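Engineer: sequence first, then the predicted structure:
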Amino acid sequence: MNNFSKTISFLAALFIGGLFTQAFAQQEPDKGLLYEVSGNGLKKPSYLFGTFHLLNSDFLKEMPKVGECFDKAKGLVVEVDLQPSDALMVQKAMMMDGKKLSELFTKDELAVLDAKLTDVMGFGIALFDNMKPAAIVTMLAAAMPKEAKNKIEKYKGSAMDMYFMDIARGKKKPVTGLETLQEQVDILMGKSIDEQVVDVRKYIEKIDDVDTVTNKLVDLYFAEDLAGLWLLSNDNKEYVGDMKRLLDDRNNNWMKKLPALMKDKPQFIAVGALHLAGPVGLVNQLRKAGYTVTPLMDNK
C-alpha cells in the first residue's frame, strides 16, 4: 500500500483518533488494551479493545486473548462501519475549493512543510497544493518517522480495524458503527480554512518535536500504557490535535449508544486506544456508569 493510500485509510479510521489531568492522576491507571465489561444489568460481558489504526492484524497474534474475546462476542462495534467506496468520499473531503495552500502560508512556512513532506512521503508540497491544511497535518501524522515505521511495518496482514470488520462479516456477526464517516470527516476537516491555517502554524512551531512524539506514542502503545498515551498526547496538542474535539466529545456521544448495544448482545468494541484513556475515556466513563471494567492482560 502506498503512502497516499495509507493516508486515506488513516483518515477513515482515525488514530488520533486516532493514535492520552488531576482527576485521572488521582486513581491508579490501568495498563492494557483489552477490557471485560460486565455488571450493571448485562447478562453476558462485552469486551473493549484499543486499536492502533496504522497497525496490521498480525500484531494480534501476540495477543491471543483478543481473539478469544472476539469469538465470545455476538456483535462488533467500531468507530465507523467502513465500506470500500468510502475512500473516494474521504479524498474529496481533503480538497479545497478555490483556494491553494501556496496562497495561505508564507514562503518560510511552505518551505518547512515542503521539507517535511519530501522527507516522509517523497513528494513536496506542490503536489498537495489543493488540499486542506488539516489534510496536510493528517498525512504527515500517518507517514511516521523511520524508527516508528520499522516497528509497525514488521507486522503484516490487513489494517487492524478492517481486519475485525472483515472477520465479523465472515462470521455473520453484525457490525455497528458508533458514528458515520461523514461525522468523522467533519471532525477532522470541518473547521474553517482560517482555523486550519492556525492549527498548521501551531504544528510548524512543534515540527522539530514531531518525530520524537510519534516514536514515544508508538512505544507506549506497544507497552499497553494508556496513561502514558493520554499524558503525552495531552502535552502535545499542537501535534496530536484538539483532544476535546477528537476524543472527549466523541466519547460522550458513544456512551449514549454503548449501554443499549451491550444490553442487546455481548459486543466486541474496537476503537482507537486513546478513546479508552483519561478522565473522559471509555474505561473511566463505563465505570462511572456502573459497569465493572476489568483489564485482561495477555502474557507476552
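Structural biologist: Arrived safely.

Engineer: which SS class is residue 152?
Structural biologist: Classification of residue 152 using DSSP: H, G, I helix; E, B strand; the rest coil returns helix.

Engineer: typo on my end, it should be residue 50
Structural biologist: Following three-state DSSP, we place residue 50 in the strand state.

Engineer: for it, list the residues it contacts.
Structural biologist: Listed by Cβ atoms under 8 Å, 6 or more residues apart in numbering, the contact set of residue 50 reads 33, 34, 226, 271, 272, 273, 274, 275, 276, 277. All C-beta spots, glycine's among them, are computed from the backbone N, C-alpha and C.

Engineer: which strand residues bridge it?
Structural biologist: Here residue 50 sits in beta bridges with residue 271, as judged by DSSP bridges.

Engineer: give me the pLDDT value at it.
Structural biologist: Per-residue confidence (pLDDT) for residue 50: 95.

Engineer: likewise the one 10 residues further on?
Structural biologist: Residue 60 is assigned 95 on the pLDDT scale.

Engineer: rewinding a little: looking at the contacts of residue 50, which are in strands?
Structural biologist: With strands defined by DSSP state E, the entries of the contacts of residue 50 inside them are 34, 271, 272.

Engineer: among these, who's most crowded?
Structural biologist: Greatest neighbour count in the ones in strands among the contacts of residue 50, by other Cβ atoms under 10 Å, goes to residue 271: 26 neighbours.

Engineer: how near is that residue to residue 48?
Structural biologist: Using Cβ to Cβ, to the nearest Å, one gets 8 Å for the distance from residue 271 to residue 48.

Engineer: list the residues that contact both of those two?
Structural biologist: Joint contacts of residue 271 and residue 48 (Cβ under 8 Å, 6+ apart) are residue 282.

Engineer: residue ranges with poor pLDDT in the stretch 101-250 of the chain?
Structural biologist: For the stretch 101-250 of the chain, the stretches flagged by pLDDT under 70 are 237-242.

Engineer: of all the contacts of residue 50, which two lie farthest apart?
Structural biologist: 34 and 274 (15.3 Å; Cβ to Cβ).

Engineer: re the thing from before, now, which of the ones in strands among the contacts of residue 50 sits nearest residue 147?
Structural biologist: Closest to residue 147, out of all of those and judged by Cβ to Cβ, is residue 272, at 21.3 Å.

Engineer: ok, now which ones touch the nearest residue to residue 125 once chain neighbours are set aside?
Structural biologist: What sits nearest to residue 125 in space, not counting adjacent residues and going by Cβ to Cβ, 6 or more residues apart in numbering, is residue 114, at 4.3 Å. Contact partners of residue 114, counting by Cβ under 8 Å, 6+ apart, are 124, 125, 126.

Engineer: tell me which stretches of the chain form strands.
Structural biologist: Taking DSSP E, the strands of the chain run over residues 34-38, 46-51, 75-78, 175-177, 267-272, 292-295.

Engineer: can you redo the contacts of residue 50 as a markdown table with distance to residue 178?
Structural biologist: Shown next, in a markdown table, are the contacts of residue 50 (distance: Cβ to Cβ, whole Å):
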| residue | distance to residue 178 |
| --- | --- |
| 33 | 18 |
| 34 | 18 |
| 226 | 19 |
| 271 | 7 |
| 272 | 11 |
| 273 | 15 |
| 274 | 15 |
| 275 | 10 |
| 276 | 13 |
| 277 | 17 |
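
Engineer: tell me the one of those residues nearest residue 236?
Structural biologist: Ranked by distance to residue 236 (Cβ to Cβ), the contacts of residue 50 are led by residue 274 at 12.2 Å.

Engineer: the closest one contacts residue 231, doesn't it?
Structural biologist: No: using Cβ atoms under 8 Å, residue 274 is not in contact with residue 231, being 11.1 Å away.

Engineer: who has more neighbours, the two?
Structural biologist: Set residue 274 next to residue 231 and count neighbours by other Cβ under 10 Å: residue 274 wins out with 29 against 19.

Engineer: for residue 179, see how far away the more buried one is.
Structural biologist: 15 Å.

Engineer: same thing with residue 65?
Structural biologist: For residue 65, the distance to residue 179 - Cβ to Cβ - is 27 Å.

Engineer: also residue 264?
Structural biologist: With Cβ to Cβ as the criterion, residue 264 and residue 179 are 18 Å apart.

Engineer: look at the two and report which has more neighbours.
Structural biologist: Taking other Cβ under 10 Å, residue 264 and residue 179 do not tie; residue 179 has more neighbours (18 against 12).

Engineer: is it true that that one touches residue 252?
Structural biologist: No: contact criterion Cβ under 8 Å: residue 179 and residue 252 do not qualify, at 11.9 Å.
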